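Novice: Only the shape, not the letters, is given here:
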């Protein structure tokens, strides 16, 4: 039985108001994860559930169609923010939120940052090849002005490359859990 049902209407209303404030804020901040406001609200509602929920139950709470709920749930599952679970005697899919927000953060941002690193390192490497090719031209023609510009650009590209290598090590620290030695989780 839902524990809220055993409370007075006044207490239920106050609790729902408190929860709604948090749900609204969660929904607003989910754009960090590339999630729409409505999917963020869905996650927020699920966060306060004490038991797994079905798409139909969430649709009733959210006032959304089953198709929209299904799309939103798939998004949350892909981001590892929600998991499908088995429920004895239930024919419908059941879903629960991942309560470890630290892991959710690590899972999402590690993937996104690694994509960014790969794209940027690739662009930097291609740019360095082109800079070195132009450097050879500058040396052959003894073009000092071109050499100066290329020196500047090569230093900038090297600085950027070093940043992305550092970011890769930071991601490694997140994924290994070493980050929590430097910045412990709140107890």
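Specialist: Ah, there it is. Owing to the predicted nature of the structure, the values given are computational and were not obtained by experimental measurement.
Novice: Confirm residue 110 sits in a helix?
Specialist: Yes: when DSSP: H, G, I helix; E, B strand; the rest coil is applied, residue 110 is found to be in a helix.
Novice: How about it, nearest residue that isn't a chain neighbour?
Specialist: Taking C-beta to C-beta, 6 or more residues apart in numbering as the measure, residue 110 lies nearest to residue 171, with 5.0 Å between them; neighbours along the chain are not counted. Just so you know, the C-beta spots here come from the backbone N, C-alpha and C atoms, and that holds for glycine as well.
Novice: my read: that neighbour touches residue 114, true?
Specialist: Yes: in this structure, residue 171 is within contact of residue 114 by C-beta atoms under 8 Å, at 6.2 Å.
Novice: Out of these two, name the residue with the larger neighbour count.
Specialist: Comparing residue 171 with residue 114 by neighbour count (other C-beta atoms under 10 Å), the higher total belongs to residue 171, at 19 against 14.
Novice: which residues does the more buried one contact?
Specialist: Contacts for residue 171 (C-beta atoms under 8 Å, 6 or more residues apart in numbering) come out as 110, 113-114, 117.
Novice: what does residue 4 give?
Specialist: Contacts of residue 4 were listed using C-beta under 8 Å, 6+ apart, and they are 12, 15.
Novice: do the same with residue 180
Specialist: residue 102.
Novice: In the chain, where is pLDDT below threshold?
Specialist: Under the criterion pLDDT under 70, the flagged ranges of the chain are 1-2.
Novice: could you pull out the strands for it?
Specialist: In chain order, the chain shows strands spanning 82-85, 94-97, with DSSP state E as the criterion.
Novice: Looking at these, which is nearest to residue 14?
Specialist: For the strands of the chain, proximity to residue 14 was assessed by C-beta to C-beta; strand 94-97 is nearest, at 23.0 Å.
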